[in-house]
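>>> build me a model:
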Amino acid sequence: MADASWQVQKAIYAKLKAALSVSVYDDVPTNAQSPYVTIGDDTASDDSTKTDDRQQISLTIHAWSEKAGRKEVKELGAEIYAALHKQNLIVAGFTVRETRWEFGDTIREPDGHTYHGVQRFRVFVQG
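All right, here's what the predicted structure looks like:
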């Protein structure tokens with residue numbers, strides 16, 4: 001089975017771009033205005049059975065806000081969750097068995113005014 005991680009990332013990007021009212025980036029431009037969302041690191045692992053070629057793709061989604069307090073970044077996190085958790089995901093060349101939210105975290109960045117939301121999702125694909 002081919003590595004599904006690039007196709008999964010493209011599908012996640014398309015899903016978030018359609019669902020969110022903020023910009024979604026893989027590579028953040030220097031002039032990006034907060035709030036925005038970024039697609040972070042991913043890990044692909046084998047999940048095959050004796051009869052099926054399968055992979056699990058674990059990836060992080062980051063929300064960024066410079067508004068005072070955590071409200072905006074938490075609202076973005078809720079929108080990301082609604083867009084991805086147990087939702088239909090179309091991945092070219094693969095069948096998605098499930099997309100599952102694993103955890104979310106909200107962090108105040110060291111600059112003292114940027115809030116950073118992190119969520120991890122796991123996508124189960126079959127080739």
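>>> switch to C-alpha atoms for all contacts and neighbour counts from now on
Will do.
>>> neighbouring strands - and their directions - for the longest strand along the chain?
Longest strand in the chain by number of residues, with DSSP state E as the criterion: strand 95-108. With DSSP bridges as the test, strand 95-108 is paired with strand 115-126 (antiparallel).
>>> so Tyr13 sits in a helix?
Yes. According to DSSP: H, G, I helix; E, B strand; the rest coil, Tyr13 belongs to a helix.
>>> if I look at it, how far off is Gly112?
Counting by C-alpha to C-alpha, to the nearest Å, the gap from Tyr13 to Gly112 is 29 Å.
>>> who has more neighbours out of these two?
Shown here are Tyr13 and Gly112; by other C-alpha atoms under 10 Å, Tyr13 has more neighbours (19 against 9).
>>> for that one, list the residues it contacts.
24-25, 39 (C-alpha atoms under 8 Å, 6 or more residues apart in numbering).
>>> make it 6 Å
Counting by C-alpha atoms under 6 Å, 6 or more residues apart in numbering, Tyr13 makes contact with nothing.
>>> distance of it from Ile107?
23 Å.
>>> all the strands of this structure, in order from the start?
23-25, 36-46, 54-65, 95-108, 115-126.
>>> next, the buried residues of the fourth one.
Read it as strand 95-108. 96, 98-101, 104, 106 (16 or more other C-alpha atoms under 10 Å).
>>> cool, the second one as well?
Along strand 36-46, the positions that meet the burial threshold by neighbour count (16+ other C-alpha under 10 Å) are 36-40, 42, 44.
>>> would you turn those into JSON lines with distance to Ala4?
Formatted as JSON lines, the buried residues of strand 36-46 follow (distance: C-alpha to C-alpha, whole Å):
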{"residue": "Tyr36", "distance to Ala4": "25"}
{"residue": "Val37", "distance to Ala4": "22"}
{"residue": "Thr38", "distance to Ala4": "19"}
{"residue": "Ile39", "distance to Ala4": "16"}
{"residue": "Gly40", "distance to Ala4": "16"}
{"residue": "Asp42", "distance to Ala4": "11"}
{"residue": "Ala44", "distance to Ala4": "8"}
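>>> could you count how many residues lie near Ala18?
Ala18: 12 neighbours (other C-alpha under 10 Å).
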